[in-house]
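K.L.:
I would like the atomic coordinates for the input below:
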Amino acid sequence: MVCGRHPNPAIREQRTLAKAKPKPKIEVPTAAQDRLPVGRVGIIAGAGFVFGIVWPWMAGVQLVPKPPSEEISAAPAPTSSSKKAKPPAASKTSPNAEEPAAEDRVQVGAALILGCRDKGDKRVAKCDTIEFDAVAKPRLKTLANCAGAKLATGVLSIGFELDFKTEKITKIQRGKSTSVADDASVALVECAKKEFATASLSGIDHKYPNYTIFYKAQFFPPGAAPKPADGNEGDAGAGDTKASGFAVVSWNVALVRDQPKKEGKLLARVLQGTRVGVVAKQNDWVRVKYDAKGNEGWVFRTAIGL
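P.N.:
Numbering: from 1, shown residues only. This is a model prediction of the structure:
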């Protein structure tokens with residue numbers, strides 16, 4: 001037996017393998033190697049942020065809901081299923097009676113300013129009154145001469161976007177309270193775009209550069225006399241000025257009272273963003289329909305942005 005060798009071959013093999021196995025090498029990193037790669041992390045985080053912001057914008061994805069639109073709705077394209085205007089009843093006037101002018105068929109209501117924006121394109125809570133009637137009303141009356149207006153009856157709610165920076169009307173569209181048949185209302189809006197194409201806002205006093213203003217044009221059947229607009233008609237009381245249209249509560253809470261004064265009895269509290277119907281005006285107060293039941297009361301005009 002050789003000195004130093006174990007008689008068991010298995011044990012001898014284990015000792016041989018243990019000697020042949022390399023010893024583990026321990027490396028201690030330097031200070032530069034041990035530093036956190038902040039630059040690389042920052043680049044990855046920045047790329048993720050840019051992708052998260054830019055991608056939805058480029059793809060047209062809307063991440064938050066838009067604020068409720070007030071009065072504006074796009075005019076539907078004419079289709080074969082659109083409602084057809086009923087032909088007017090036969091006139092009972094004498095055949096020798098003088099034919100009234102087409103413009104007499106149209107009665108244009110008071111202007112309703114639904115909103116305005118400042119130089120930073122931010123919505124303003126309280127808009128000033130602008131004298132747009134001289135531009136709008138004569139042109140709206142001429143819509144009775146449009147090709148598609150002959151059989152038009154009912155109300156056309158029509159809105160204008162006014163841009164005083166360019167002194168032009170940038171947009172004309174139909175409002176939701178339109179009752180004229182779809183085909184006729186589309187034709188009237190297109191006719192209005194042509195009629196107002198040359199209209200200028202030059203010389204109109206204004207406080208802000210942009211306004212949204214609506215009118216209601218009542219179309220009567222040929223031969224039918226328009227209802228008188230005497231300022232005290234319908235639901236408007238003595239001393240009230242009749243008004244029509246819609247507005248949106250701009251205050252956090254609008255207080256509805258039974259009389260047009262601060263001492264009036266409190267009827268309801270209407271939250272911001274609620275759409276109300278305008279019935280009448282008296283000084284700085286506006287009478288509105290504030291709920292689905294048609295209940296009416298008075299609110300201060302600035303509470304609904306007027």
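K.L.:
And the protein, what are its domain boundaries?
P.N.:
In the domain annotation for the chain, the residue ranges read 102-219, 241-304 (automatic domain parsing).
K.L.:
mean pLDDT for those: which is lowest?
P.N.:
Per-segment mean pLDDT for the domains of the chain reaches its minimum on domain 241-304, at a mean of 86.
K.L.:
residue boundaries of the strands in this protein?
P.N.:
For the chain, strands defined by DSSP state E occupy the ranges 106-108, 112-117, 154-163, 168-174, 210-219, 241-242, 246-248, 253-257, 266-271, 275-282, 285-289, 296-300.
K.L.:
want to try a markdown table for the domains of the chain, with distance to residue 16 and mean neighbour count as columns?
P.N.:
Every residue, glycine included, has its C-beta placed from N, CA and C. Written out in a markdown table, the entries for the domains of the chain read as follows (distance: least, CB to CB, whole Å; neighbours: other CB atoms under 10 Å):
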| stretch | distance to residue 16 | mean neighbour count |
| --- | --- | --- |
| domain 102-219 | 86 | 18 |
| domain 241-304 | 87 | 17 |
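K.L.:
hang on, the earlier thing: could you dump the strands of the chain to a markdown table with distance to residue 142?
P.N.:
Shown next, in a markdown table, are these (distance: least, CB to CB, whole Å):
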| stretch | distance to residue 142 |
| --- | --- |
| strand 106-108 | 8 |
| strand 112-117 | 21 |
| strand 154-163 | 13 |
| strand 168-174 | 14 |
| strand 210-219 | 11 |
| strand 241-242 | 24 |
| strand 246-248 | 25 |
| strand 253-257 | 38 |
| strand 266-271 | 38 |
| strand 275-282 | 26 |
| strand 285-289 | 30 |
| strand 296-300 | 35 |
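K.L.:
Indicate which one of those is closest to residue 42.
P.N.:
Counting by CB to CB, residue 42 lies closest to strand 112-117 out of the strands of the chain; the figure is 38.5 Å.
K.L.:
Hey, what's the angle from the closest one to strand 210-219? Just curious.
P.N.:
Here strand 112-117 runs at an angle of 160 degrees relative to strand 210-219 (axes from the mean of the first three to the mean of the last three CA atoms, to 10 degrees).
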